[in-house]
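>>> What follows is a predicted protein model with its sequence.
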Amino acid sequence: METSITSIITELVGLVSFTRTPSIFSSSFFTILALIVGVLGYFYGPYWGVRRVPGPPAIPFVGHLPLLAKHGPDLFAILAKKYGPIYRFHMGRQPLVIVADAELCREVGIKKFKEIPNRSIPSPILASPLHQKGLFWIRDSRWSTMRNTILSVYQPSHLAKLVPMMQSFIETTSNNISLDDQDVNFNELSLMMATDVIGKAAFGFDFGLSNSKNHQHNDKKIDSFIKQHIYSTTMLKMDLSGSFSIILGLLLPILQEPFRQILKRIPFSMDWKIERTNKNLSSQIDEFVVKKMKEKERGSKDFLSLILNARESETVSKELFTPDYISGITYEHLLAGSTTTSFTLSSVVYLVSGHADVENKLLEEIDAFGPRDKVPTADDLQTKFPYLDQASKILSNKTFVVPLGS
Ligand code: HEM
């Protein structure tokens, strides 16, 4: 009896283990299969939609970033030559379709605008709420409403009024250039000048950077604002030299935010520094905005005042133009206006310096306008400098508008 019970139990255990083995096996198999399909879907999903667009083979995870590290910005011209005016470029997992032809750009950006409405948000921007609240990254109806509202700031009549202010910063900058035989870092010089111009146009505030040689302002707050602005801007890197969470955002976007949340709490990590800088910048810009809001006689000369006036007279919606978005687009102007302008000016000087004939013709045209202190009107700028106009158009076709990687 005892043996038969034992044998029954043994048989049952055998049966159970026999029937359980394949079920464990099959469930593990399906779990691994699902994982593989999930990982492949995650990494190759974005590629699938644009797989027919020509482009070089992409390396798993990093895409074409190693090519960018190898060739720098020249890569885009090399790829256009090899793959034609429309090609694929993989920023890590994210494929971008690059349009490298002026007429096709017009087609995509203007004629087909409604079908391609929003910009995708790159990983450096995802790490910074301050940057996300500017026109570059806001989306859909918020973008169109806010953009339509600020368009008035770009009316030729308003821009024409800014010319004397620009001229005064240009004069201050040129008066500060050392006349002895020292090298001049033109990029730095033009960045200071452009930041002053945009600071005045965007905030109505004189940062006093163009005048730094004769007049060392003792305002530590301004110095720290500018330093943080430059740090924050140079940290917007797309070339695998940014913070760990930004690099993760390029390779494995799903992990960017969780890692950023952890790393921003670890003192002295790059994510911690970026978070701290952006928080400081945000609070300083918020201070500018609040100060302007309280000013009774703020006038309407700068961008910030124009938005605040429109908000108060209810010409624009207060729900849309909340203080954080006002700070966002005001700061964006400083950022979008200064680096682009200084980089364009530096590139022009660099390229012209290699062509003595062009340089001489430009100088002739500028000298013929009149004595040094004659301030041109907006109309003069349009009509009296045809050669300068032509040269700058040709040059801007030859160079990148902003340094890539920042
Ligand atoms: C030489 C100087 C400049 C160059 C080369 C330049 C270039 C560009 C480019 C290529 C875009 C993207 C256009 C697009 O994707 O459709 C852009 C957008 C923008 N730029 Fe500039 N820019 C310059 C100066 C400025 C200045 C001086 C400001 C402001 C003070 C400014 C503010 C903006 C803003 C706000 C946007 C976003 C517009 C939107 O999304 O609606 N830029 N710029």
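Everything's here; your move.

>>> Residue ranges of each domain in this protein, please.
Split into domains by automatic domain parsing, the chain comes to 1-48, 50-116, 131-398.

>>> okay if I get the ones you listed as TSV plus mean pLDDT, distance to the ligand and mean neighbour count?
For every residue, glycine as well, the C-beta is placed using N, CA and C. As requested, the domains of the chain are exported to TSV (pLDDT from 0 to 100; distance: least, C-beta to the nearest ligand atom, whole Å; neighbours: other C-beta atoms under 10 Å):
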stretch	mean pLDDT	distance to the ligand	mean neighbour count
domain 1-48	69	20	10
domain 50-116	90	6	15
domain 131-398	86	3	16
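
>>> Let me have the ones you listed in TSV, extended by distance to Pro124.
Below are the domains of the chain laid out as TSV (distance: least, C-beta to C-beta, whole Å):
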stretch	distance to Pro124
domain 1-48	18
domain 50-116	11
domain 131-398	4
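
>>> among the ones you listed, which is nearest Pro122?
Set against Pro122 and scored by C-beta to C-beta, the domains of the chain come closest in domain 131-398, at 6.1 Å.

>>> what's the span of the closest one, first residue to last?
By C-alpha to C-alpha, to the nearest Å, the extent of domain 131-398 from end to end equals 28 Å.

>>> Show me how far that domain is from its chain's centre.
Between the centre of domain 131-398 and the centre of its chain there are 12 Å (C-alpha atoms, centre = their mean, to the nearest Å).

>>> can you check stretch 103-115 too?
21 Å.

>>> okay, how far is it across that stretch, tip to tip?
Stretch 103-115: ends 17 Å apart by C-alpha to C-alpha.

>>> Now tell me what touches it from outside.
Residues outside stretch 103-115 that contact it (C-beta atoms under 8 Å, 6 or more residues apart in numbering): Pro85, Ile86, Val99, Ile116.

>>> again, only using 6 Å
Pro85, Val99 (C-beta atoms under 6 Å, 6 or more residues apart in numbering).

>>> Which helix or which strand is home to Ser141?
helix 140-150 (DSSP states H and E).

>>> Format the CA atom coordinates belonging to that helix as CSV.
Provided in CSV are the C-alpha atoms of helix 140-150 (Å, rounded to 0.1, in the frame of the first residue of the first chain):
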residue,chain,number,x,y,z
ASP,A,140,0.3,73.5,-33.2
SER,A,141,-2.2,76.2,-32.4
ARG,A,142,-0.1,77.7,-29.5
TRP,A,143,2.7,78.2,-32.0
SER,A,144,0.6,79.8,-34.7
THR,A,145,-1.3,82.1,-32.2
MET,A,146,1.9,83.2,-30.4
ARG,A,147,3.8,83.7,-33.7
ASN,A,148,1.0,85.7,-35.2
THR,A,149,0.9,87.9,-32.2
ILE,A,150,4.6,88.8,-32.2
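
>>> Tell me the helix or strand right after that helix.
helix 156-161.

>>> that older thread, ok, which of the domains of the chain comes nearest Ser123?
If we rank these by C-beta to C-beta, the stretch that ends up nearest is domain 131-398, at 2.6 Å.

>>> neighbouring contacts of the helix holding Ser141?
With C-beta under 6 Å, 6+ apart, helix 140-150 has contacts from Leu135, Val316, Leu320.

>>> cool, and stretch 186-206?
So stretch 186-206 is contacted by 162, 165-166, 169, 173, 207, 209-210, 288, 302-304, 330, 333-334, 337-338, 341-342, 345-346, 349 (C-beta under 6 Å, 6+ apart).

>>> in this protein, which spans are strands?
86-91, 94-99 (DSSP state E).

>>> What is the distance between the last one and the centre of its chain?
For strand 94-99, the distance from its own C-alpha centre to the chain's C-alpha centre is 16 Å (C-alpha atoms, centre = their mean).

>>> Need the residues that contact it.
Pro46, Tyr47, Val50, Val53, Ile86, Tyr87, Arg88, Phe89, Cys105, Val108.

>>> hmm, try it at 10 Å
Around strand 94-99, the neighbours that count as contacts under C-beta atoms under 10 Å, 6 or more residues apart in numbering are 44, 46-51, 53, 55, 58, 63-64, 76, 79-80, 83, 85-90, 105-109, 116, 120, 122-123, 249-251, 253.

>>> got it, and stretch 352-364?
By C-beta under 10 Å, 6+ apart, the list of residues contacting stretch 352-364 reads Phe186, Val348, Val349, Leu351, Phe385, Tyr387, Leu388, Gln390, Ala391, Ser392, Ile394, Leu395.

>>> now the fifth one: how far from Glu364?
Okay, so that is Phe385. The gap separating Phe385 from Glu364 is 11 Å, by C-beta to C-beta, to the nearest Å.

>>> try the third one
Taking C-beta to C-beta as the criterion, Val349 is separated from Glu364 by 17 Å.

>>> follow-up on the earlier one: for the strands of the chain, give me a markdown table that also has distance to Ser141.
A markdown table is the format used below for the strands of the chain (distance: least, C-beta to C-beta, whole Å):
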| stretch | distance to Ser141 |
| --- | --- |
| strand 86-91 | 27 |
| strand 94-99 | 25 |
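
>>> between these, which gets nearest to Gln228?
strand 86-91 (26.5 Å).

>>> Just list what that closest one packs against, helices and strands only.
Applying 3 or more C-beta pairs under 10 Å, 6 or more residues apart in numbering; DSSP states H and E, one finds that strand 86-91 makes contact with helix 2-48, helix 65-71, helix 75-83, strand 94-99, helix 244-251.

>>> can we see that at 8 Å?
With contacts taken as 3 or more C-beta pairs under 8 Å, 6 or more residues apart in numbering; DSSP states H and E, strand 86-91 sits against helix 75-83, strand 94-99.

>>> The longest one to strand 86-91, inter-axis angle?
So that's helix 75-83. For helix 75-83 against strand 86-91, the angle by axes from the mean of the first three to the mean of the last three C-alpha atoms, to 10 degrees is 140 degrees.

>>> With the last one instead?
Orientation check (the same axes, to 10 degrees): strand 94-99 against strand 86-91 gives 150 degrees.

>>> what residues are up against Gln167?
Val375, Pro376.

>>> And Arg147, how close does it get to Gly134?
Distance from Arg147 to Gly134, by C-beta to C-beta: 11 Å.
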